[in-house]
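Visitor: structure for the following, please:
(chains A and B)
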Protein chains: 2
Amino acid sequence: MRVQVDCYPCILSQLSELAKKAVGGEEERHALVRRLLKLVLEADRETTPPEFAAMFHSVVTELSGIDDPFRDIKDRSTELGLALLPELRRTAEAHPDPFEAAVRLAIGGNIIDYGVNPNFELHEAEKRIREVFDLPFDRELCAEFRRRLDAAGSIFYMLDNCGEAVIDRLLIERYRDKITVGVRGYPILNDVTRREAALSGIEGVRIVDTGDRAPGVSLRHSGRELLDAMRGADVVVSKGQGNFESLDEGCERPVFFLLRVKCRVVAERVQSPLGSIRLIGRNL
Amino acid sequence: MRVQVDCYPCILSQLSELAKKAVGGEEERHALVRRLLKLVLEADRETTPPEFAAMFHSVVTELSGIDDPFRDIKDRSTELGLALLPELRRTAEAHPDPFEAAVRLAIGGNIIDYGVNPNFELHEAEKRIREVFDLPFDRELCAEFRRRLDAAGSIFYMLDNCGEAVIDRLLIERYRDKITVGVRGYPILNDVTRREAALSGIEGVRIVDTGDRAPGVSLRHSGRELLDAMRGADVVVSKGQGNFESLDEGCERPVFFLLRVKCRVVAERVQSPLGSIRLIGRNL
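Guide: Numbering: from 1, shown residues only, chains lettered A, B, ... in the order given. Predicted coordinates for the structure are as follows:
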């Protein structure tokens, strides 16, 4: 998904927040925002929102010397996911359709977001994750999703955020013998890198990283190893908005997007209200 | 008030909305947003948010051929103000302090906003305007405001939005013999120009316009006539956020700002919560 005109205010909002995190004085912040605005103007029309985020964070990292400003938030999210996992696993196993329950919970995990709300609470998280059982959901496509995964010789599963990744284990562990898990190459927002995948207990599977900082899978800037793993897979699983924004065009493999709709641009694109949960299949 | 880093997302949000109003295709909208982004980068550090708005609207007007996209909204707001005025006038006259009541209502009028909510209703407007009687308010400064206006040989009163301007008559008419009323030079957003001042029933007073399109009083771009009227006045009255943003620095006369706090940047600057009503005195 190329950047839309409605993405610009959101991009600017992210970068003014970053500017406040990275530098102290008002004049320095202005200089930083102007430098990032220049990057927006110089970017070509194929640039996706995650690619913009990667460019901005590279500049901020260089200026502030802080490589991973979200590390604490990420670790708290992972701990939260680990605390919730046993009970969520029992819920899935007790469900009439344990596979569907695992898919719903994997999408629900996307709600763990200390970035948006630093006061996010454990009991609140569990409630918000469990609400996915009451939201409309394409059960027929979910059954097709299961058939495809069961039949696949190889699966590529692209992770998104910390905390959420722990709950992804409910799906990942079902296909441990044939799954490759993708993570970000460098710290970006609250996204999972190799470090947080390990902390999340994702073990015994092959892990590849994008070699890139985008909070998505840039088809232009990701490393060969990850692109080969994705393009060689029988089925691709893509978690969250950032991966959707970068893979909804140009991923040539059968792909299932599992996402919670969190912004107006994506809501319009997938024709679903804000807050809804979506399973979307492409190239099937 | 120079533009703050937190203003950029808001400015971008306004201009992507404008781009959607002005041009049809996605590529044309992108081209327009990029052209406006270049203006942001080229602007100097003294540029105020209203000056940005003026630049953007000039470009959009030139491209779309539509000089006043808000005319309908403005006229409906004025009609709404005229419908409410008799009852609000009775309220002010029946109040223990009719002057304070008129000031509160003049600030309350700032809530009439068809731009934000196209389905704004008459009875809702009256309720929202009357709620100013229940909000915290600096009554001591209000008494000083009255003393200053009563003692002044000349008053300059800078209008803001349509509809609101009708309610401003409660104050303007008290000082009819010594007041000069300021309006925008060209149509911008839902702001009052000479046309809407006349439709609002503001008569028998001298009216000057800025000669400029900013939804505020640009101290760099306003015409000599308006700047002379303002700088020659014993007291300046400035309505709303746009005028505050452009006059809170550089207005050398005793000035009273009457505003409803509508954005985070102004809220921080005046140390008041969003939605609050403020009377602020400077150079007293």
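Visitor: A:Val261 contacts A:Val270, correct?
Guide: Yes. Contact criterion C-beta atoms under 8 Å: A:Val261 and A:Val270 qualify, at 6.4 Å. C-betas here are computed from N, CA, C, even on glycine.
Visitor: which residues are in contact with both of the two?
Guide: A:Arg278 (C-beta atoms under 8 Å, 6 or more residues apart in numbering or on different chains).
Visitor: so chain A: which segments form each domain?
Guide: Split into domains by automatic domain parsing, chain A comes to A:7-64, A:71-282.
Visitor: can you report how many residues neighbour A:Asp75?
Guide: 16 (other C-beta atoms under 10 Å in any protein chain shown).
Visitor: what's the closest non-adjacent residue to it?
Guide: Distances taken as C-beta to C-beta, 6 or more residues apart in numbering or on different chains place A:Leu199 nearest to A:Asp75, at 7.1 Å, with adjacent residues excluded.
Visitor: near chain B, which residues of the stretch 1-150 of chain A?
Guide: A:4-6, A:8-10, A:12-13, A:15-16, A:19-20, A:26, A:29-30, A:33-34, A:37-38, A:40-41, A:45 (C-beta under 8 Å from any C-beta of the partner chain).
Visitor: which of those residues are buried?
Guide: Neighbour counting over the residues of the stretch 1-150 of chain A next to chain B (16 or more other C-beta atoms under 10 Å in any protein chain shown) leaves A:4-6, A:8-10, A:12-13, A:15-16, A:19, A:29-30, A:33-34, A:37, A:40 as the buried ones.
Visitor: looking at the residues you listed, which are in helices?
Guide: Residues of these located in helices (DSSP state H): A:8-10, A:12-13, A:15-16, A:19, A:29-30, A:33-34, A:37, A:40.
Visitor: output these in TSV; the columns should cover distance to A:Lys239 and pLDDT.
Guide: Formatted as TSV, those follow (distance: C-beta to C-beta, whole Å; pLDDT from 0 to 100):
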residue	distance to A:Lys239	pLDDT
A:Tyr8	25	81
A:Pro9	25	81
A:Cys10	20	82
A:Leu12	26	79
A:Ser13	23	81
A:Leu15	24	73
A:Ser16	27	77
A:Ala19	29	78
A:Arg29	33	85
A:His30	36	84
A:Val33	31	84
A:Arg34	34	86
A:Leu37	31	86
A:Val40	27	87
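Visitor: identify the farthest-apart pair in the residues you listed.
Guide: A:Cys10 and A:His30 (19.7 Å; C-beta to C-beta).
Visitor: give me the neighbour count for the residue in the stretch 151-284 of chain A that chain B sits nearest to.
Guide: Closest residue of the stretch 151-284 of chain A to chain B, C-beta to the nearest C-beta: A:Val265 (10.5 Å). The local packing of A:Val265 (other C-beta under 10 Å) involves 18 other residues.
Visitor: which residue is nearest the middle of chain A?
Guide: A:Asp160 (2.4 Å; C-alpha atoms, centre = their mean).
Visitor: count of residues packed around the residue nearest to that one when sequence neighbours are not counted?
Guide: Once flanking residues are discounted, A:Asp160 sits nearest to A:Gly240: 3.3 Å by C-beta to C-beta, 6+ apart. Around A:Gly240 there are 23 other residues, counting by other C-beta under 10 Å.
Visitor: so A:Gly240 touches A:Ala165, yeah?
Guide: No. Using C-beta under 8 Å, A:Gly240 is not in contact with A:Ala165, being 10.2 Å away.
Visitor: tell me how far the closest residue to A:Glu225 other than its chain neighbours lies from A:Ala229.
Guide: Nearest residue to A:Glu225, sequence neighbours excluded (C-beta to C-beta, 6+ apart): A:Val208, at 5.2 Å. Per C-beta to C-beta, to the nearest Å, A:Val208 is found 5 Å from A:Ala229.
Visitor: one step back: quick one, which of A:Val261 and A:Val270 is more surrounded?
Guide: Neighbour totals were compared for A:Val261 and A:Val270, and A:Val261 leads with 21 against 17 (other C-beta under 10 Å).
Visitor: residue contacts, the more buried one?
Guide: A:Gln241, A:Ala267, A:Val270, A:Ser272, A:Pro273, A:Leu274, A:Gly275, A:Ser276, A:Ile277, A:Arg278.
Visitor: tell me the secondary structure for the last one?
Guide: The three-state label given to A:Arg278 by DSSP: H, G, I helix; E, B strand; the rest coil is strand.
Visitor: so what's it scoring on pLDDT?
Guide: Note on A:Arg278: pLDDT of 96.
Visitor: what about it, neighbour count?
Guide: 21.
Visitor: quickly list what it is bridged to.
Guide: In this structure, A:Arg278 bridges to A:Leu259 when assessed by DSSP bridges.
Visitor: was I right about it contacting A:Gln271?
Guide: No. Applying C-beta under 8 Å as the test, A:Arg278 and A:Gln271 come out as separate, 9.5 Å apart.
Visitor: which SSE is the residue of the stretch 151-284 of chain A closest to chain B in?
Guide: Using DSSP states H and E, A:Val265 maps to helix A:264-269.
Visitor: gap between that helix and the chain center?
Guide: Here helix A:264-269 is found 16 Å from its chain centre; the criterion is C-alpha atoms, centre = their mean, to the nearest Å.
Visitor: mind listing what's buried along it?
Guide: A:Val265, A:Val266, A:Ala267.
Visitor: against which helices or strands is it packed?
Guide: helix A:240-247 (3 or more C-beta pairs under 8 Å, 6 or more residues apart in numbering or on different chains; DSSP states H and E).
Visitor: show me what the helix it packs on packs onto, helices and strands only.
Guide: helix A:49-64, strand A:235-239, strand A:255-260, helix A:264-269.
Visitor: avg pLDDT for that helix?
Guide: On average, helix A:240-247 scores 93.
Visitor: over to stretch A:126-146?
Guide: For stretch A:126-146, the mean per-residue pLDDT is 94.
Visitor: what's the end-to-end length of that stretch?
Guide: Start-to-end span of stretch A:126-146 (C-alpha to C-alpha, to the nearest Å) is 25 Å.
Visitor: starting at the chain centroid, how far to that stretch?
Guide: For stretch A:126-146, the distance to the chain centre is 18 Å (C-alpha atoms, centre = their mean).
Visitor: could you do stretch A:31-42 as well?
Guide: Centroid separation for stretch A:31-42 versus its chain: 25 Å, with C-alpha atoms, centre = their mean.
Visitor: CA atoms only: put stretch A:236-243 into PDB for me.
Guide: Extracted in PDB, the C-alpha atoms of stretch A:236-243 (Å, rounded to 0.1, in the frame of the first residue of the first chain):
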ATOM      1  CA  VAL A 236       2.400 -16.700   3.900                       C
ATOM      2  CA  VAL A 237       0.800 -15.500   7.200                       C
ATOM      3  CA  SER A 238       1.100 -11.700   7.800                       C
ATOM      4  CA  LYS A 239       0.300 -10.200  11.200                       C
ATOM      5  CA  GLY A 240      -1.000  -6.700  11.800                       C
ATOM      6  CA  GLN A 241      -1.300  -3.400   9.900                       C
ATOM      7  CA  GLY A 242       2.400  -2.700   9.200                       C
ATOM      8  CA  ASN A 243       2.900  -6.000   7.400                       C
END
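Visitor: for that stretch, give me every contacting residue.
Guide: A:49-50, A:53, A:106, A:110, A:149, A:155-161, A:164, A:168, A:171, A:191, A:214-217, A:230, A:244, A:247, A:251, A:253-263, A:266.
Visitor: pull the CA atoms of the longest helix belonging to chain A into CSV?
Guide: Assignment by DSSP H gives helix A:71-94 as the longest helix of chain A. The C-alpha coordinates for helix A:71-94 follow below in CSV (Å, rounded to 0.1, in the frame of the first residue of the first chain):
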residue,chain,number,x,y,z
ARG,A,71,12.9,-1.5,24.7
ASP,A,72,11.2,-1.2,28.1
ILE,A,73,7.7,-1.1,26.6
LYS,A,74,8.5,-4.1,24.5
ASP,A,75,9.8,-6.1,27.4
ARG,A,76,6.7,-5.3,29.5
SER,A,77,4.5,-6.3,26.6
THR,A,78,6.3,-9.6,26.2
GLU,A,79,6.0,-10.3,30.0
LEU,A,80,2.3,-9.5,29.7
GLY,A,81,1.9,-12.0,26.9
LEU,A,82,3.8,-14.7,28.8
ALA,A,83,1.5,-14.1,31.8
LEU,A,84,-1.6,-14.5,29.8
LEU,A,85,-0.5,-17.4,27.6
PRO,A,86,-1.4,-20.4,29.8
GLU,A,87,-5.0,-19.2,30.3
LEU,A,88,-5.4,-18.3,26.6
ARG,A,89,-4.1,-21.7,25.6
ARG,A,90,-6.7,-23.4,27.8
THR,A,91,-9.4,-21.2,26.3
ALA,A,92,-8.3,-22.2,22.8
GLU,A,93,-8.2,-25.9,23.6
ALA,A,94,-11.6,-25.8,25.2
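Visitor: noted, bye for now.
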